[in-house]
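J.: pasting the sequence and the predicted model now:
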Amino acid sequence: MRTRRTAAVMAAGFMTLTAGCGLMAEEEILPKATREPLPPLTASAVSDEISGLARAGGLPDGDTSTAGLPEGAWRACMAPWTGRAPAADAAGAFEATVMRLRQHDWEIVSSHSGHDVTYRTLAKRGWKLYARSYAAAAAPGPGAKVSLTAVEDDCEPPAKVRAGYEDPA
């Protein structure tokens, strides 16, 4: 049996239903977020991330070793990656890799080009990543050279090593 009020509400095209039984306070419905600290990034974790994102960006497998570099404890706080890409695809694959790094919380600190080299420096949780793409003419050999060198903020590699990855600007 309808009342006049119910008929008027239905005729107006809207109806409101409410129920009071079983309602919970908002804080009871939503789970409480826990803010556990993120584990520190290790050189191994950074190396794996760089290698995976480089492949996903279209770069070939690269060299992640420190062979040929001076000995020292500083090697434990560095994650190098170097490789060569076909000259026609190198610039696009480099930029795609940088984009993927940014999607994984690496923030761009600086970006510029000069002397046949494109420089991108990124940072993430206590690490700097020095990304370089060399024009084929700037790095003799097959294809174009790309290097992605991550260094922990407190790391102290020798000057000769730093000169190989640091941004000259």
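T.: Nice, I can see it.
J.: please, which helix or strand holds the residue nearest the centre of the chain?
T.: The structure's the chain has its C-alpha centroid closest to Leu101; by Cα atoms, centre = their mean the separation is 2.6 Å. According to DSSP states H and E, Leu101 maps onto helix 87-103.
J.: show me what that helix packs onto, helices and strands only.
T.: helix 43-56, strand 117-124, strand 127-134, strand 144-152 (3 or more Cβ pairs under 8 Å, 6 or more residues apart in numbering; DSSP states H and E). Any C-beta I mention is one placed from the backbone N, CA and C, and that applies to glycine too.
J.: what about the very next helix or strand once past it, distance to the chain center?
T.: On the C-terminal side of helix 87-103, the closest following helix or strand by DSSP H and E is strand 107-114. Taking Cα atoms, centre = their mean, to the nearest Å, the mean C-alpha location of strand 107-114 is offset from the chain mean by 14 Å.
J.: okay, the angle between strand 107-114 and strand 117-124?
T.: 170 degrees (axes from the mean of the first three to the mean of the last three Cα atoms, to 10 degrees).
J.: which one of the helices and strands packed on helix 87-103 lies nearest to Arg35?
T.: Minimum separation from Arg35 across the helices and strands packed on helix 87-103 (Cβ to Cβ) falls at strand 117-124, 18.5 Å.
J.: sorry, back to before: got CSV for the helices and strands packed on helix 87-103, with distance to Val161 too?
T.: Shown next, in CSV, are the helices and strands packed on helix 87-103 (distance: least, Cβ to Cβ, whole Å):
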stretch, distance to Val161
helix 43-56, 14
strand 117-124, 16
strand 127-134, 11
strand 144-152, 9
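J.: residues touching the closest residue to Leu59 other than its chain neighbours, list them.
T.: Closest residue to Leu59 apart from its sequence neighbours, by Cβ to Cβ, 6 or more residues apart in numbering: Ala93 at 4.8 Å. Taking Cβ atoms under 8 Å, 6 or more residues apart in numbering as the contact definition, Ala93 lies against 57-59, 85, 146.
J.: what's the ChimeraX line that selects buried ones from those?
T.: Of these, the buried ones go into a single ChimeraX selection, burial set by 16 or more other Cβ atoms under 10 Å:
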select :57,58,59,85,146
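J.: can you list the contacts of Ala93 in JSON lines and add distance to Val46 and pLDDT?
T.: Listed next are the contacts of Ala93 as JSON lines, based on distance: Cβ to Cβ, whole Å; pLDDT from 0 to 100:
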{"residue": "Gly57", "distance to Val46": "16", "pLDDT": "95"}
{"residue": "Gly58", "distance to Val46": "20", "pLDDT": "95"}
{"residue": "Leu59", "distance to Val46": "16", "pLDDT": "95"}
{"residue": "Ala85", "distance to Val46": "21", "pLDDT": "90"}
{"residue": "Val146", "distance to Val46": "17", "pLDDT": "95"}
